[in-house]
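> Build me a model from this:
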Amino acid sequence: MMKNILPLIFTLCFFTNCSKDDNETKDYSYYYPTDEASITAENIPGSTEAFDPKGIAVANEKLYVINGNVLEVFNALTLAHIKTIKEYTKGTTTIPLTSLTSVAVDNGRIYVGSTESRLFVFDETTNAGISTVGNGQWWQTFVHVFGVVVKDGLIFVKEKEKSIKVFETSQITETSNWNLEPIAKLNTLNGYTEVYSMDVYGGNLVVAGRDAKSYLYYDIANIKANAKNSLTTPIEPDKLQFVDIKPIAVSFSKDWAVTTENEGSTSYLRLYPKEEFIRKNYKAVLNASDIFGENKFGTIVGTAQLDDRIFLSDNTNKKIRVVKLNKSAIAEQNN
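Numbers count the residues shown, from 1 in each chain. Just a heads-up that it's a prediction; the model follows:
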């Protein structure tokens, strides 16, 4: 088996910009993925629906997966299914979850977006409802919801077409109304009804701008400084334009910007050192469209990482791909 894999590893190293110290050593470091597991409908006890994974998030060793009209919760270490959340319940109010797209977990809360023009907010520990933003009417708070990320007291909600609305987490309480007003608005330049992936790092909101063919960077300090004006003229992003690449998903882990990108009909998993990525220096250390020539990736609409395990929401193949990130090195002999 190894004699078949080693040539592929050398090839992978060549095509994924292996890092090299040219001063004192001749060591090449490179990264490559291997299949570890997958999550499908068969992993959900009692499930009778087709598995339809979209947004994902990892928090406190739990994996949250948007699956059609429900939110699935798994143990991120064992992959055991914990529960299925089918409705929002607060007191005597119960709202069935439908047409879900996105999930974020932050500071003890779970945020779930729906194209039914609602953002549901749950308690992370009890899963009890805290509040909803939007009342299900597209002409009110949201024109549908296609993405959400929450970080450092701010909530970023991607809605239909080119709009991201920004809220403060402090606006949402047990007694807050559904018709909250955003503090700022952002312009994604392009877009319609696609699920969008976003994350925050280095003082920037970074959006995988699939329709703009670029990663979209919004300086958070600038958002705060120009929040009032942005309600009239939404803030446009800083970006580096691609020609053929469509970024589909982005998330930040301890060391990496974990991304997926489509080129033509091929979907790639690409890892970038996040400090370089935030400077728009796109030199991937991992660039894979499959696992050693097998198990080709479909369109991956969400990514997350826990230790050396990367979770990929492969909507084309209707599964969560779980791959292991491997690191190896080759020492070059000095002649």
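> For residue 275, what is the enclosing helix or strand?
Assigned by DSSP states H and E, residue 275 belongs to helix 274-277.
> That helix: what's the following helix or strand?
Going down the chain from helix 274-277, the next helix or strand is strand 286-288, by DSSP H and E.
> partners of that next one, with directions?
If you go by DSSP bridges, strand 286-288 pairs up with strand 266-273 (antiparallel).
> Please identify the buried residues of the partner strand?
Burial within strand 266-273, assessed by neighbour count using 16 or more other C-beta atoms under 10 Å, is assigned to 267, 268, 269, 270, 271, 272, 273. The C-beta positions use only the backbone N, C-alpha and C, and glycine is treated the same way.
> Any idea how far apart the tips of stretch 123-134 sit?
With C-alpha to C-alpha, to the nearest Å as the measure, stretch 123-134 spans 18 Å from end to end.
> Could I get the buried residues of strand 266-273 in TSV, plus columns for distance to residue 78?
Shown next, in TSV, are the buried residues of strand 266-273 (distance: C-beta to C-beta, whole Å):
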residue	distance to residue 78
267	27
268	29
269	23
270	28
271	25
272	29
273	30
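> Check the average confidence over the helix holding residue 275, would you?
In this model, helix 274-277 has a mean pLDDT of 98.
> swap in stretch 76-92?
The average pLDDT within stretch 76-92 is 97.
> end-to-end on it?
32 Å.
> Pull out the buried positions in that stretch.
Neighbour counts over stretch 76-92 (16+ other C-beta under 10 Å) mark 76, 79, 81, 84, 85, 88, 90 as buried.
> contacting residues for the fifth one?
Shown in contact with residue 85 (C-beta atoms under 8 Å, 6 or more residues apart in numbering): 70, 71, 72, 73, 97, 122, 127.
> if you set the cut-off to 6 Å instead, what comes out?
Shown in contact with residue 85 (C-beta atoms under 6 Å, 6 or more residues apart in numbering): 71, 127.
> burial count for the spatially closest residue to residue 170 that is not a sequence neighbour?
Using C-beta to C-beta, 6 or more residues apart in numbering and skipping residues adjacent in sequence, the residue nearest residue 170 is residue 153, 6.9 Å away. Neighbour count for residue 153, taken as other C-beta atoms under 10 Å: 11.
> Relative to residue 167, how far out is residue 153?
10 Å (C-beta to C-beta, to the nearest Å).
> Then residue 95?
19 Å.
> which one of these two has more residues nearby?
The neighbour comparison of residue 95 against residue 167 (other C-beta under 10 Å) goes to residue 167, with 21 against 17.
> quick one: buried residues of the helix or strand harbouring that one?
Assigned by DSSP H and E, residue 167 falls within strand 163-168. Neighbour-count burial for strand 163-168 flags 163, 164, 165, 166, 167 (criterion: 16+ other C-beta under 10 Å).
> just stretch 117-134 next, same as before
Quick answer for stretch 117-134 (16+ other C-beta under 10 Å): 117-122, 124, 129-134.
> Can you pick out the most distant pair from the residues you listed?
Greatest spatial distance in these: 117 and 124, 23.6 Å, computed using C-beta to C-beta.
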